[in-house]
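> Provide a 3D model corresponding to the input given below.
(2 chains)
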Amino acid sequence: MTAVITPSSGMAHGRLMAVAAYRPARIVTNEEMCQRIDSTDEWIRDRSGIVERRYAAPDESVADMATTAATEAIARAGIDPADVGMVMLATVTHPYQTPSAAAEVAFRIGATTAAAMDIAAACAGFSYGVEIANSLVRCGSARYVVLVGVEKLSDWIDPNDRSTAFLFADGAGAVVIGPSDVPAIGPVVWGSDGGQLDAITMTQSLIDYKLNGGTVFPSLEMKGQQVFRWAVGDVARVAERALAAAGVSAEDLDAFIPHQANMRITDAMVRSLKLPDHVPVARDIAYTGNTSAASIPLAMQAMLDAGEIPHGGTALIIGFGAGLVFSAQVVTLP
Amino acid sequence: MSQEILDGLAVIVNEVAGVPVEDVQSDKSFVDDLDIDSLSMVEVVMAAEDKWGVKIPDSEVKNLKTVGDAVAYIAANQ
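From the prediction side, this is the model:
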């Protein structure tokens, strides 16, 4: 016979309860980058808006950075880590195929009964994670979810590649997502386009590196103009659809926080969206670089802590990157 | 026809890169004369695609050296 299975039952809504960041100590200037690439401070600023970026120390791991950010987010949320039901790390730079970085972080932050997993959705990883966390809270699989966007991209760049080396950097941003009485996370608009796998990829697989006796370790490579066209065209339409799905107009936004891919992409997106001038736009990339999955929570934390955007305000977040993958939603700021 | 495209393109180049409309002439090089870099060029191309309903693939963009090249391509592929 078919037994009657008791379904899970969750909360009406989820919300971002707190955000916190970890920025590595070491500042890497454009001048320092130019010791390895044929470029200039002016060219880098003009093409990317990046003034400087931060690199983790050689012995500072993805899990280390995530642990620091997650611990602070839990403190800010005022919850007991033992009540965390899931720890998720959005990352593509944890250097082990297994075990996950999330399992290590869950243990280190005291979320000893939590489920744990990494999400490999590149620069869309944080927005993907917000939707997954929201779903877990709403269906009762977890009361509190710790979501960390974290990258140590300095390990995976070719420092001699003048088209990409200056873009990428390290850092971690963490949020706690938990129950809410009112809607505080809008419907996600997300997807993927594997037809453009080669737009942002690795120079070779780790297996090819091993078998071919290669001397050049795999690193990130990107077709900049192809990615730019996709981001400013298709991805900007995704942002519009996320606003429409949430029933929020651009006029009502207190913040636009796109993945910090490149200041030029952000500028073009703002033009494409015809975003009203009064809406603050995240430009954290200038002093943080492109930190992939970490960039949205890092920018959110910086803007909130600086008082540029209000706690409880309404923000549009959008992530997009290698896959290609994309994801956007409207959220109430913690 | 070509004059209409030239005028429209001048407006687009102005909106994307702040180049004065009157500077956008057929013989001008996007890179050397108008200081349009590769990313701004992508924006110009996308706006032109929307305005005139043409497809300008990335492989073609590098052949559009001057404003006149772009006007001719758009006119021929409209």
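> Now do the one helix or strand in chain B whose mean pLDDT sits lowest: which elements does it pack against?
Lowest on mean pLDDT, DSSP states H and E among the helices and strands of chain B sits helix B:58-61, with a mean of 88. With contacts taken as 3 or more CB pairs under 8 Å, 6 or more residues apart in numbering or on different chains; DSSP states H and E, helix B:58-61 sits against helix A:224-230, helix B:38-52. All C-beta spots, glycine's among them, are computed from the backbone N, C-alpha and C.
> can you pull the buried residues of it?
For helix B:58-61, the neighbour count (16 or more other CB atoms under 10 Å in any protein chain shown) marks B:V61 as buried.
> Is there contact, residue-wise, from stretch A:49-66 to chain B?
No: residues of stretch A:49-66 are not located near chain B by CB under 8 Å from any CB of the partner chain, the shortest gap being 11.1 Å.
> what comes up buried for that stretch?
Judged by neighbour count (16+ other CB under 10 Å), stretch A:49-66 contains these buried residues: A:49-56, A:60-66.
> Please apply the same query to stretch A:198-216.
Applying 16+ other CB under 10 Å to stretch A:198-216 flags A:A199, A:I200, A:T201, A:M202, A:Q204, A:Y209 as buried.
> Chain A - how does it break down into domains?
Listed domain ranges for chain A are A:13-180, A:189-332 (source: automatic domain parsing).
> what helices or strands is the helix or strand harbouring A:I27 leaning on?
Using DSSP states H and E, A:I27 falls within strand A:26-29. Counting contacts by 3+ CB pairs under 8 Å, 6+ apart, strand A:26-29 is packed against strand A:52-55.
> Now do the strands in the stretch 1-150 of chain A.
A:13-22, A:26-29, A:52-55, A:84-90, A:115-119, A:144-152 (DSSP state E, counting those that start in this stretch).
> Output the third one as PDB, nothing but the C-alphas.
Looking back up the chat, that one is strand A:52-55. C-alpha atoms of strand A:52-55 as PDB (Å, rounded to 0.1, in the frame of the first residue of the first chain):
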ATOM      1  CA  GLU A  52      42.200  48.600  -6.500                       C
ATOM      2  CA  ARG A  53      41.200  45.100  -5.400                       C
ATOM      3  CA  ARG A  54      41.900  42.900  -2.500                       C
ATOM      4  CA  TYR A  55      43.700  39.600  -2.400                       C
END
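> Need the winner for burial among the domains of chain A.
Relative to the other members of those, domain A:13-180 carries the highest mean neighbour count by mean count of other CB atoms under 10 Å in any protein chain shown, namely a mean of 21.
> sorry, back to before: mind putting the strands of the stretch 1-150 of chain A into a markdown table with mean pLDDT?
Written out in a markdown table, the entries for the strands of the stretch 1-150 of chain A read as follows (pLDDT from 0 to 100):
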| stretch | mean pLDDT |
| --- | --- |
| strand A:13-22 | 98 |
| strand A:26-29 | 97 |
| strand A:52-55 | 98 |
| strand A:84-90 | 98 |
| strand A:115-119 | 98 |
| strand A:144-152 | 98 |
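> coming back round to it: looking at the helices and strands packed on helix B:58-61, which is closest to A:S272?
helix B:38-52 (8.6 Å; CB to CB).
> Show me what that closest one is packed up against.
Identification of packing neighbours for helix B:38-52 by 3+ CB pairs under 8 Å, 6+ apart yields helix A:224-230, helix A:263-273, helix B:2-17, helix B:58-61, helix B:67-77.
> tell me which parts of the stretch 201-334 of chain A are close to chain B?
Checking the stretch 201-334 of chain A against chain B by CB under 8 Å from any CB, the hits are A:G224, A:Q225, A:Q226, A:F228, A:R229, A:V232, A:G233, A:R264, A:A268, A:R271.
> repeat that with 10 Å
On the criterion CB under 10 Å from any CB of the partner chain, chain B has as its neighbours in the stretch 201-334 of chain A the residues A:223-233, A:262, A:264-265, A:267-268, A:271-272.
> returning to what we had before: would you mind putting the CA coordinates of the strand holding A:I27 into CSV?
In CSV, the C-alpha atoms belonging to strand A:26-29 read as follows (Å, rounded to 0.1, in the frame of the first residue of the first chain):
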residue,chain,number,x,y,z
ARG,A,26,46.0,43.1,1.2
ILE,A,27,45.3,45.9,-1.2
VAL,A,28,46.5,45.3,-4.8
THR,A,29,46.8,48.5,-6.8
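> ok, residues contacting it?
Outside strand A:26-29, the residues within contact range by CB atoms under 10 Å, 6 or more residues apart in numbering or on different chains are A:32, A:41, A:44, A:51-58, A:60, A:154, A:166, A:169-170, A:287, A:289.
> related to what we said a few turns ago, let's have the domains of chain A in JSON lines, adding distance to A:I5.
Rendered in JSON lines, the data for those read as follows (distance: least, CB to CB, whole Å):
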{"stretch": "domain A:13-180", "distance to A:I5": "14"}
{"stretch": "domain A:189-332", "distance to A:I5": "29"}
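> rewinding a little: I'd like to know which of the strands of the stretch 1-150 of chain A is closest to A:A306.
For A:A306, the closest of those is strand A:13-22, at 11.9 Å, according to CB to CB.
> Go ahead and flag the most central residue of chain A.
The geometric centre of chain A, computed from its C-alpha atoms, lies nearest to A:A293 (CA atoms, centre = their mean), at 2.4 Å.
> Which residues of chain B lie near chain A?
B:15-16, B:37-43, B:45-47, B:49-50, B:57-58, B:61-62.
> In PyMOL, select just the buried ones from the residues you listed.
The command below creates a PyMOL selection of those among these that count as buried (16+ other CB under 10 Å):
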select buried, chain B and resi 16+39+40+41+42+43+45+46+47+61
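> Spit out the contact partners of the closest residue to B:V16 other than its chain neighbours.
If the residues on either side of it in the chain are set aside, B:V16 comes closest to B:E43, at 4.6 Å by CB to CB, 6 or more residues apart in numbering or on different chains. Residues in contact with B:E43 (CB under 10 Å, 6+ apart) are A:228-229, A:232-233, A:264, A:267-268, A:271-272, B:12-13, B:15-17, B:36.
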